[in-house]
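Undergrad: dropping the sequence and predicted coords here.
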Amino acid sequence: MKKLISALALITSSALFTSATAQVSVNFNIGTQPVWGPVGYDYAAYYYLPDIDAYYNVPQRQFVYLKGRNWVFANSLPGTYANFDLYRGYKVVINEPRPYLHHDVYYKKYYGYRGRSGQPFIRDSYEEKYWQIKEHPQHGKWKQNGGNNGNGKGHGNGHGNGNGHGKGHGHD
């Protein structure tokens, strides 16, 4: 009888462990992030651009901005923002679906980030994980290595972890 109870307990615990581990998922989209995006994120769903009060949908490669009372989805910014420098403008990583539907929250929370500069961006990063992005200056070297960063682990050299201004801004 003890053997039967022990066997049932073992089967039940392994089933629970299997279902618990099956729910863990890790997302990476480094290859779809633009070179003007901030360093330090393996996944980014959206960037909020407080300087122009707009969003960038990273996986779709689309800007989302207000025109009148409607949200517009476009591959480029409108002429109104022709002088906006995506490299210099501050980006807040938001990993929430359709953050523009809660625009009032993000506007209030990050209004103070307007005009901030000095945020490191992907194009200037020496982290080898970013080399897979076609527009990165080191993409050719990445391709020569067959998509392998040269060390087989995908780890960079530790540069480009940000300057502390972005702490916590990817978990909203």
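TA: Looks like it arrived, so ask away. Numbering: from 1, shown residues only.
Undergrad: average pLDDT across stretch 52-69?
TA: Here stretch 52-69 scores 96 as its mean pLDDT.
Undergrad: residues contacting that stretch, please?
TA: Here stretch 52-69 makes contact (CB atoms under 8 Å, 6 or more residues apart in numbering) with 29, 32-34, 37, 44-49, 71-78, 81, 84, 89, 91, 94, 99-100, 103, 107. Heads up, the C-betas are built off the backbone N, CA and C, glycines and all.
Undergrad: which of the residues you listed are buried? Put it as a PyMOL command.
TA: Here is the PyMOL command that picks out the buried ones among those, judged by 16 or more other CB atoms under 10 Å:
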select buried, resi 33+34+37+44+45+46+47+48+49+77+81+89+91+94+99+100+103
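Undergrad: in helices only, show me the contacts of stretch 52-69.
TA: 103, 107 (DSSP state H).
Undergrad: which of the contacts of stretch 52-69 fall within strands?
TA: Members of the contacts of stretch 52-69 lying in strands (criterion: DSSP state E): 46-49, 71-74, 94.
Undergrad: residue 120: which of these is nearest?
TA: residue 47 (14.1 Å; CB to CB).
Undergrad: doesn't residue 90 make contact with that closest one?
TA: No - with contact defined as CB atoms under 8 Å, residue 47 does not reach residue 90; the gap is 9.4 Å.
Undergrad: quick check on the closest residue in space to residue 58 that isn't next to it in sequence: phi, psi?
TA: Excluding the flanking residues, the one nearest residue 58 by CB to CB, 6 or more residues apart in numbering is residue 44, at 4.8 Å. Backbone torsions of residue 44, given as degrees, to the nearest 10, read phi -150, psi 120.
Undergrad: ok, residue 44 to residue 92 distance?
TA: 10 Å (CB to CB, to the nearest Å).
Undergrad: tell me where the model's unsure across this protein.
TA: 1-31, 123, 126-143, 148-172 (pLDDT under 70).
Undergrad: let's go with 50 and repeat that
TA: Along the chain, the parts satisfying pLDDT under 50 run over 4, 8, 10, 12-13, 15-25, 150-172.
Undergrad: quick check: residue 38 touching residue 124?
TA: No - the pair residue 38 / residue 124 is not scored as a contact, 11.1 Å apart, by CB under 8 Å.
Undergrad: more neighbours: which of those two?
TA: Counted by other CB atoms under 10 Å, residue 38 and residue 124 do not tie: residue 38 has more neighbours, with 23 against 14.
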